[in-house]
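J.: Predicted model and sequence below, questions to follow.
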Amino acid sequence: MEHPGSYLAQMRQTAPLVHNITNYVAMNVMANVLLAAGASPAMVHAREEAAEFAGLAQAVSLNIGTVSPPWAEAMEATAQAAAAQEVPWVLDPVAVGATAYRRALGARLLALRPTVIRGNASEILALDGTTAAGKGADATETVATAEEAARALARTSGAVVAVTGPVDFVTDGARAARIANGHALMPRVTALGCSLTGLVAAFVAGQPRFEATVAALAYYGLAGERAGAGAQGPGSFQPAFIDALSAVGPEALDAGARISIA
Amino acid sequence: MEHPGSYLAQMRQTAPLVHNITNYVAMNVMANVLLAAGASPAMVHAREEAAEFAGLAQAVSLNIGTVSPPWAEAMEATAQAAAAQEVPWVLDPVAVGATAYRRALGARLLALRPTVIRGNASEILALDGTTAAGKGADATETVATAEEAARALARTSGAVVAVTGPVDFVTDGARAARIANGHALMPRVTALGCSLTGLVAAFVAGQPRFEATVAALAYYGLAGERAGAGAQGPGSFQPAFIDALSAVGPEALDAGARISIA
Amino acid sequence: MEHPGSYLAQMRQTAPLVHNITNYVAMNVMANVLLAAGASPAMVHAREEAAEFAGLAQAVSLNIGTVSPPWAEAMEATAQAAAAQEVPWVLDPVAVGATAYRRALGARLLALRPTVIRGNASEILALDGTTAAGKGADATETVATAEEAARALARTSGAVVAVTGPVDFVTDGARAARIANGHALMPRVTALGCSLTGLVAAFVAGQPRFEATVAALAYYGLAGERAGAGAQGPGSFQPAFIDALSAVGPEALDAGARISIA
């Protein structure tokens, strides 16, 4: 894919308002990721206003990490409102295989036809129904193991599916790409996967979703590489990562992206 | 205003217990801001105890950022309890213009007569009824645009009103001041505005509210200037800012405050 | 106690899945603490799945910091599920003396027989019924003042009780130890006490609880010493602390632990 930086440039020019219903662990990090990248984040989850708010946003992200019934209701109403107004929405099915409650909610959200689904290999396998396993929020399967499930899930759901890990895999069911950017400290910092989901939402606002998702992942991984170069560990990685998201521009992304067609 | 540092010194000597019902994004940052400044933060929101807890505190802050009905109920009960026991309370009307639910809640809290209201220009305009617009939590209007609305809101509500932005504006309806301290990275880090609301609560505990609010804003902005001087971006700004809040003392505040009568 | 590092080594080898129901302020910090230490954190609180999830975990931590009735219900169900499946669980009775609601919940959770209780001196005194006082989440009593209450609470509850402060005190009712590791900046950063509770849970997963608790406290304090050596204040302390948790290994812990029999 040529010029992934153009998707970053366009996202920054739009500065999309991204409406997130996400988990408690990720909220602050996701907001800072979106601000550093150049988007405008909002966290709004009450059933009394979430669907209305979705209509003000340019993109929506929904994450089931610390979900409970009132939040799940708001997610479903928000997904419906987003679809009705052609606002793209991204699903993050955190630990979807872990409990019966989570599996049922994952299936209900999937039926509302997300624009993009981003998860780790274990989550994509569970959402596709390939496996029912899952150990918390950390992946226990490799990305390669989930490629076929990702393709199948993209075809049945109509979503672009992104499986993130050491090398990410993105598919719309027909096309597929691998993104090799990233750093080993990224999975050792909590909420970076969740926050990436919000960033994907920002990128797909008004842009072609397959290409924009690939560009978002390359940008995120490239910022991770820069942060990791100077970090002493997962603690110092975090502020350096936010700095890098702010510093990396379209030209740097064009030069540093490691994207291949799968 | 002379000697803003004296309000910082008095706040530190009292180390007020500040009871906050705030949004999920801001809680951790606000707690660290209050600890670094020298206050004692507590986050307590359950309807079953929030009003009781307000009676133990020296100040209260209420923020509607990620509100839902049980939290709104607790906020109203806490505001009433605070008023009944003459505990000052500060309102942060995050994105109050964005949805019908939020506008109604803003009006109910306003009717409970906050001691201070702190918001960005868009929020103050919306709370005053001047505009109904609003794009998430980020200001879309300039502070200068909101000055008249702030004066009017101060007169009708009885509150000190603080409009924060590149140059802050504070008024009690009769007097007004501008505070020019601050740094361009501050709006690029999430929850710094929300956390300032908690800090204003700490300053107005047992101190004259107009002067204490002005001093709190100058102190916060001065710490931002110091943090910004060495930061590489919004990520490294954040720990440097907490360090600066801890390091700035009354004398540095007296020397560095840029306050003018408006 | 000899070779506290062996408990760290064993915890890292197991990488236990720790199921936490904790407060909103602490969630992100606790997750990063657990990841840096080598455990696998999960935050799951909905009544619909929390008890089921506890059966997947190797340890559970419950923290009442920002509790409300649905969370309290989930905590009780989770504690019962953990006990039924012999999963150890650790109680963090944040500000348990502050309100009637909190005192009642503390008593109900205590009756479910936690494996370990970790709190500051004020919290242990309140949980033991020695005092009903309490000022938010910050200790107003010294550790030494709470030693007798800790011993009594250990005997009546059957739990190992850890009172943390400048010098920590741990007892199972018969044995007792003091841990002198730590740094003065630690209480100036929010959620470090809460996060330690999650770490204690990770250490007691499959290990003798008195020794594992002592080792966890020494490890945490030693990481604090390392972080404090280079920190400019409470802001820069935080990333340095996470780095130190990741960097400190079993040998460093054996060499640096300052544990004495009380």
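T.: That came through, no problem. Residues are numbered from 1 along each chain as shown, chains lettered A, B, ... in the order given.

J.: Identify the spatial nearest neighbour of the closest residue to chain C within the stretch 101-250 of chain A, chain neighbours not counted.
T.: Across the stretch 101-250 of chain A, no residue is closer to chain C than residue A:235, which sits at 2.8 Å (CB to the nearest CB). All C-beta spots, glycine's among them, are computed from the backbone N, C-alpha and C. Distances taken as CB to CB, 6 or more residues apart in numbering or on different chains put residue C:242 closest to residue A:235, at 2.8 Å, once the chain neighbours are dropped.

J.: For the host helix or strand of residue A:101, buried residues please.
T.: Taking DSSP states H and E as the criterion, residue A:101 maps to helix A:100-111. Residues of helix A:100-111 classed as buried by neighbour count (16 or more other CB atoms under 10 Å in any protein chain shown): A:101-103, A:105-106, A:109-110.

J.: before we move on, what about stretch A:175-187?
T.: Quick answer for stretch A:175-187 (16+ other CB under 10 Å): A:176-179, A:181-183, A:185-187.

J.: Contacts made by it with the rest, please.
T.: With contacts defined as CB atoms under 8 Å, 6 or more residues apart in numbering or on different chains, stretch A:175-187 is touched by A:1, A:138-139, A:147, A:151, A:166-171, A:192-193, A:210, A:214, A:217-218, A:220-222, A:224-225, A:227-228, A:231, A:233-234, A:237, A:256-262.

J.: Drop anything exposed from these.
T.: For the contacts of stretch A:175-187, buried by 16+ other CB under 10 Å: A:1, A:138-139, A:147, A:151, A:167-171, A:192-193, A:210, A:214, A:217-218, A:220-222, A:224-225, A:227-228, A:231, A:233-234, A:237, A:256-257, A:259.

J.: Check the burial of residue A:14 by counting its neighbours.
T.: 18 (other CB atoms under 10 Å in any protein chain shown).

J.: mind listing the strands for chain A?
T.: Secondary structure of chain A (DSSP state E): strands located at A:17-21, A:40-43, A:59-63, A:89-92, A:116-119, A:160-163, A:168-171, A:176-179, A:259-261.

J.: Direction included, what does the third one pair up with?
T.: Right, the one you point to is strand A:59-63. Within its sheet, and counting by DSSP bridges, strand A:59-63 is paired with strand A:17-21 (parallel), strand A:89-92 (parallel).

J.: Make a markdown table from those strands and add mean neighbour count and mean pLDDT to it.
T.: Formatted as a markdown table, the strands paired with strand A:59-63 follow (neighbours: other CB atoms under 10 Å in any protein chain shown; pLDDT from 0 to 100):
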| stretch | mean neighbour count | mean pLDDT |
| --- | --- | --- |
| strand A:17-21 | 28 | 98 |
| strand A:89-92 | 30 | 98 |
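
J.: Out of those, which gets nearest to residue B:249?
T.: strand A:17-21 (38.4 Å; CB to CB).

J.: what's the spacing between the residue nearest to residue A:235 and residue A:232?
T.: 10 Å (CB to CB, to the nearest Å).

J.: that older thread, please list all residues in contact with the residue nearest to residue A:235.
T.: Taking CB under 8 Å, 6+ apart, we find residue C:242 in contact with A:233-236, A:238, C:32-33, C:36.

J.: Closest one of those residues to residue C:114?
T.: Of the contacts of residue C:242, the one sitting nearest to residue C:114 (CB to CB) turns out to be residue C:33, at 19.7 Å.

J.: can you map out the helices along chain A?
T.: Applying DSSP state H to chain A gives helices spanning A:5-14, A:27-37, A:50-54, A:69-84, A:100-111, A:121-128, A:147-157, A:192-204, A:209-230, A:234-247, A:250-256.

J.: want to throw these into a markdown table with mean pLDDT?
T.: Output for these, formatted as a markdown table (pLDDT from 0 to 100):
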| stretch | mean pLDDT |
| --- | --- |
| helix A:5-14 | 98 |
| helix A:27-37 | 98 |
| helix A:50-54 | 95 |
| helix A:69-84 | 98 |
| helix A:100-111 | 97 |
| helix A:121-128 | 95 |
| helix A:147-157 | 97 |
| helix A:192-204 | 98 |
| helix A:209-230 | 98 |
| helix A:234-247 | 98 |
| helix A:250-256 | 98 |
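
J.: Tell me if the helix holding residue A:101 is near chain C.
T.: Yes. Using CB under 8 Å from any CB of the partner chain, helix A:100-111 reaches chain C at A:100-102.

J.: okay, the angle between that helix and helix A:147-157?
T.: When axes from the mean of the first three to the mean of the last three CA atoms, to 10 degrees is applied, the directions of helix A:100-111 and helix A:147-157 differ by 60 degrees.

J.: Alright, calling it a day.
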